[in-house]
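Student: Need the 3D shape of this:
(2 chains)
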Amino acid sequence: MAIDPKKHEMPTQDPAVRAHNFSEVALGYDSETAVAEASRCLNCKNQPCVSGCPVNIHIPEFLAKVKEGKFEEAYQIINLTSSLPAVCGRVCPQESQCESKCTLGIKFEPVGIGRVERFVADYHREHNTASAEKPASNGHRVAIVGSGPSGLTCAGDLAKKGYQVTVYEALHKAGGVLVYGIPEFRLPKSIVAAEVETLKQLGVDVETNIVIGKTLTIDELFDMGYEAVFVGSGAGLPNFMNIPGEALKGVYSANEFLTRSNLMKSYLSDPDTPIMKGGKVAVVGGGNVAMDAARTALRLGAEKVYIVYRRSMTELPARKEEVEHAQEEGIEFLLLHNPTEIIGFNNPDDPRDERNGFVTGMKCIKMELGEPDEKGRRRPVPIEGSEFTIDVDTVIMAIGTSPNPLIKNTTNGLEVNNRGGIIVNEDGLTSREGIYAGGDAVTGAATVISAMGAGKLAAKSIDEALSA
Amino acid sequence: MYQIIRKKELNSSVTQMDVLAPLVAKKAKPGQFIILRVDEDGERIPLTIAGSDREEGSVRIIFQVVGGTTMKLNAKKAGEFIQDFTGPLGCPTDIEGKKRVCVIGGGVGCAIAMPVARALHEAGTEVTSIIGFRSKDILILEDEFKSFSDRLIVTTDDGSYGFHGNVTVPLKEMLDKGETFDEIITIGPLIMMKFVVLAAKPYNVPVTVSMNPIMIDGTGMCGCCRLTLTQDGKRVTKFACVDGPDFNGYEVDFDEAMSRNRMYMPFETRKREENCNLLREAE
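Tutor: Numbers count the residues shown, from 1 in each chain, chains lettered A, B, ... in the order given. The predicted structure is shown next:
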C-alpha cells in the first residue's frame, strides 16, 4: 500500500464560527483517522523522532499500538515518559521537535505524531474509569514550587517512584501557565484539571494560595522535612517596550490580559473580573503568547485585531498551526512594524472627561531586515520617515517576561544569571544543595514541553540523590 | 477555605474582619497585603493587612465597600468562609532606626496606617499621627491611634470633628513652625498622598507613600499594578506587588496612578448595584 504523502487533516471548527466562541478550535481525530495516521509511520530503526522529543516519548512503539487499535496500551507507553500527554498533544511545537526529525518527512509530510498523541490521551480520559494507583511510599519527601508544566511533570515522575510530593501553588488554582496563560480554545481547562486529578490519585498533595518566598521560604521547606525542593516558579514580570503611553488605560501585558480572561474567566457573560472587550486591538509580539492574546481579543468581540511584529513571517516564533489559525480567523499581521508610541485621549478643556487617558491609537514605524545579529537573526532596522498611526482601543504587549525576584531574594546562596534566571547544572541542580530548578524560572519564556523536560530531568536527579 | 472568626462594622461602609490564616499571620508585617477571593469565580482583590495575631493564627483586614467584590465580602458573617486568602505579599514598611515620624492616614487608609504607627511606637519612635476623614460619622480607629501616637491630630473636611480641613493643613503648620521629621509615611486616597508630598516638598522631608493600584495575581506575574517613577531624571516602570507597595512619594507619578485606578469605574459601579439588588432580594 502506498504511503499517503500528506498528514491526515485535523478537523477544526469553522473559522467564522470559532472566532466568536471559546470552544476548542481543533476537534481531534476519530479512531479511524488516528489508526490511518499512525499507519504512516515507517517504523524506522534509528527512531530520530524520539531524540526530537524533550521527554523522549517512545513514539514508534505507541504509534504501533495505535495502528493495532490498542489505544489504552498506546497510552500506557506514552505515560511511561510523559505526565501530561493530553496537554502536549495540543500545545507542543511538534513541527520543530519530534515531527521535524521524522524520516517520512524527508520526502513527504511527517507523521502527525502530536495529533495521534492527543487522540490517545483523549481516548484514555474518556474510556478509562479506574483511578491511577498510588505507589507504595519510599518515605522520602519532596517539595515542588509551582504547579505549571515543569512542576507537575517533576511531581508526577517522583510520585510514580513512591516519593511523597507536595506542590505549592501561589495562585488559587493548579496548572500555572496551563490555566492562566493558554486559552480555553487551545487547551480546555477541564483537561488540565483531569491531569492534576491524576497526579492527586498518585498521592501528590497540591497546596494552593501559598507563595514560596513570602508565605514560606525554601529554607523553611527544608525545616519542615522536605529533603529536596524543585523550583518551577515560571516566568515573572512582563516586559514593556519603554515607549510613551504604556501606562494608558487599555494597555495590557499579555500576562494580564490572558490571566483576566482565562484564570479569572472574564470571557464569561457576567464576570466578576472586568476586561476590555470589543473595539480595535493591537497585540505587539510574534510568539505563541501573542497569538493567544490576539485570538482571545477576537473572541471577546474585537472588530479588528492586529499582530504587530518587528521582523518578517520567517522569523515569527509562534507555532505554525497557531499562526495559520489566527490568519484564518481574520487577524491581520503587520509584519516588519514596530510601535513607537501609544496615544491616549485627552480633552484639554475638561480634565474630568471620562474618556481621558484611554488608548486611541498606536504609532508604528516600518522596519526592514538588516545585518544578522550575534544569534544569526537578521536585525530589524527602522525605515526613517515611515511612521503612521493605527486606530486602536486596546494594546497588548506580548514581548516576553523577566524572572520573578521573590525566590531569589529570599533564598541565600541561590545563584542567578544576569537576566535573573536561576542557574542550574546539567542535572538541574542549582548552586544550593538539594534545590533543583527548571522551566521558565531558569530559561526565561520558553515552551511547555521544554519546561516538562526540565521537570523530568530534575525528578531523575532528585531520585538519584535521595535513593543513593 | 478561610474562616472569618470575627466581624465588626467600623462605620456604615467600613468593615473589619479577622480571618483564620495561620501561615499568613505568622509572617505578616506592617505595610504588607493579602489577596483574597470571596467565592469560586470571584475576583482577586488586594487588601492591606491591618494586623495579625500569630497565636490565634488570624489576620485582620479592614475594607471599604466600593465595588461588587467588597460588597460580597461584606455580606459574609462571622463563622462563614472566604474561598482564597494569600499572603503576606509585598515588602513591609521600613520602620527601622527612625527617631521622629509623622504618620498620615486618610479614610480607610487609616486601617493600614495604624499598624505602621503601632510598629514605629513599639520600636521607640516618636510618632505624630494625622488622620483625616470627610466627616465625624466615618471616623475610625481613633482610640488605637491615640494609644500608639505621642501626638494625634484628627481632621474632618466638614469640620464636624477635630481640626477643620484636610490633613495637609496641620502638617504644613507643624513644618512651618520648624518641626522636623525623619520621615512622613502616608497612606490613603491617591489625591491625599499627592498633596502630602507637595506640602512636604519645600521642607525636604522624605515621604513614603503606600500605593494601592488594581492587581490580579499580586505575585509579580501580570503587571497590572505597574506605576511610573521618576528616578535620576528617567521614567521607570515599577510593580507595586513586588517592588512596593511603599514608594518614595517624590518619585511617583500620581496623576497617572489616579487615571489607571479609574479604568474599570463604570464596571465597578454597575457590579455594586447588581450585588446590592441581589442582596436586597435575598433579604
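Student: use CA for all of it now, contacts and neighbours both
Tutor: Fine.
Student: per-domain residue ranges of chain A.
Tutor: What automatic domain parsing lists as the domains of chain A is A:15-127, A:141-236+A:402-466, A:240-399.
Student: Can you add distance to residue B:110 and give these back as a markdown table?
Tutor: Formatted as a markdown table, these follow (distance: least, CA to CA, whole Å):
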| stretch | distance to residue B:110 |
| --- | --- |
| domain A:15-127 | 44 |
| domain A:141-236+A:402-466 | 24 |
| domain A:240-399 | 27 |
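Student: what's the most buried one of these?
Tutor: Mean neighbour count (mean count of other CA atoms under 10 Å in any protein chain shown) peaks for domain A:141-236+A:402-466 among these, with a mean of 22.
Student: Now the longest strand anywhere in chain A - C-alpha only, PDB.
Tutor: Using DSSP state E to define each element, chain A has its longest strand at strand A:359-372. Coordinates of each C-alpha in strand A:359-372 appear next as PDB, following Å, rounded to 0.1, in the frame of the first residue of the first chain:
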ATOM      1  CA  VAL A 359      -5.900  54.500  24.300                       C
ATOM      2  CA  THR A 360      -7.000  55.800  20.900                       C
ATOM      3  CA  GLY A 361      -4.100  54.800  18.700                       C
ATOM      4  CA  MET A 362      -0.600  53.400  18.300                       C
ATOM      5  CA  LYS A 363       2.200  55.000  16.300                       C
ATOM      6  CA  CYS A 364       4.200  52.400  14.300                       C
ATOM      7  CA  ILE A 365       7.300  52.600  12.200                       C
ATOM      8  CA  LYS A 366       8.000  50.300   9.300                       C
ATOM      9  CA  MET A 367      11.100  48.100   9.600                       C
ATOM     10  CA  GLU A 368      13.400  46.300   7.200                       C
ATOM     11  CA  LEU A 369      15.800  43.400   7.900                       C
ATOM     12  CA  GLY A 370      19.500  44.400   8.200                       C
ATOM     13  CA  GLU A 371      22.600  42.500   9.000                       C
ATOM     14  CA  PRO A 372      22.400  39.300  11.100                       C
END
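Student: near chain B, anything from that strand?
Tutor: No - using CA under 8 Å from any CA of the partner chain, strand A:359-372 stays clear of chain B, coming no nearer than 11.2 Å.
Student: Name the next helix or strand following that strand along the chain.
Tutor: strand A:378-382 (DSSP states H and E).
Student: any idea how far that next one is from the chain center?
Tutor: How far strand A:378-382 lies from its chain's middle: 27 Å, per CA atoms, centre = their mean, to the nearest Å.
Student: what's the answer for stretch B:261-280, then?
Tutor: For stretch B:261-280, the distance to the chain centre is 21 Å (CA atoms, centre = their mean).
Student: what do you get for stretch B:157-164?
Tutor: Counting by CA atoms, centre = their mean, stretch B:157-164 is centred 22 Å from the centre of its parent chain.
Student: Then stretch A:206-214?
Tutor: Here the centre of stretch A:206-214 is set off from its chain's centre by 21 Å, with CA atoms, centre = their mean.
Student: And stretch B:110-124, by the same measure?
Tutor: 12 Å.
Student: could the domains of chain A go into a markdown table alongside mean pLDDT?
Tutor: Below are those laid out as a markdown table (pLDDT from 0 to 100):
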| stretch | mean pLDDT |
| --- | --- |
| domain A:15-127 | 92 |
| domain A:141-236+A:402-466 | 93 |
| domain A:240-399 | 93 |
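Student: Of these, which is nearest residue B:79?
Tutor: Closest approach to residue B:79 among those (CA to CA): domain A:141-236+A:402-466, 20.6 Å.
Student: and that closest one, how far apart are its ends?
Tutor: Terminal residues of domain A:141-236+A:402-466 lie 10 Å apart, using CA to CA, to the nearest Å.
Student: who's in contact with residue A:440?
Tutor: Shown in contact with residue A:440 (CA atoms under 8 Å, 6 or more residues apart in numbering or on different chains): A:232-235, A:403, A:446, A:451.
Student: 10 Å instead?
Tutor: Residue A:440 is in contact with A:148-150, A:232-236, A:401-404, A:421-422, A:446-448, A:450-451, A:454, counting by CA atoms under 10 Å, 6 or more residues apart in numbering or on different chains.
Student: near chain A, which residues of the stretch 151-283 of chain B?
Tutor: B:215-228, B:235-237, B:239, B:242-243, B:256-257, B:259-268, B:271 (CA under 10 Å from any CA of the partner chain).
Student: Tell me the buried residues within the residues you listed.
Tutor: Buried by 16 or more other CA atoms under 10 Å in any protein chain shown: B:215-228, B:235, B:237, B:239, B:242, B:257, B:259-260, B:263, B:268, B:271, out of those.
Student: so of the residues of the stretch 151-283 of chain B next to chain A, which ones are in strands?
Tutor: Those of those mapping onto strands are B:226-228, B:235-237, B:239, per DSSP E.
Student: between those, which is closest to residue B:91?
Tutor: Using CA to CA, those come closest to residue B:91 at residue B:239, 11.4 Å.
Student: With adjacent residues omitted, what lies nearest to the closest residue to chain A within chain B?
Tutor: Among all residues of chain B, residue B:222 sits closest to chain A, at 4.4 Å; criterion: CA to the nearest CA. Spatial nearest neighbour of residue B:222, excluding adjacent residues (CA to CA, 6 or more residues apart in numbering or on different chains): residue A:256 at 4.4 Å.
Student: Much appreciated, bye for now.
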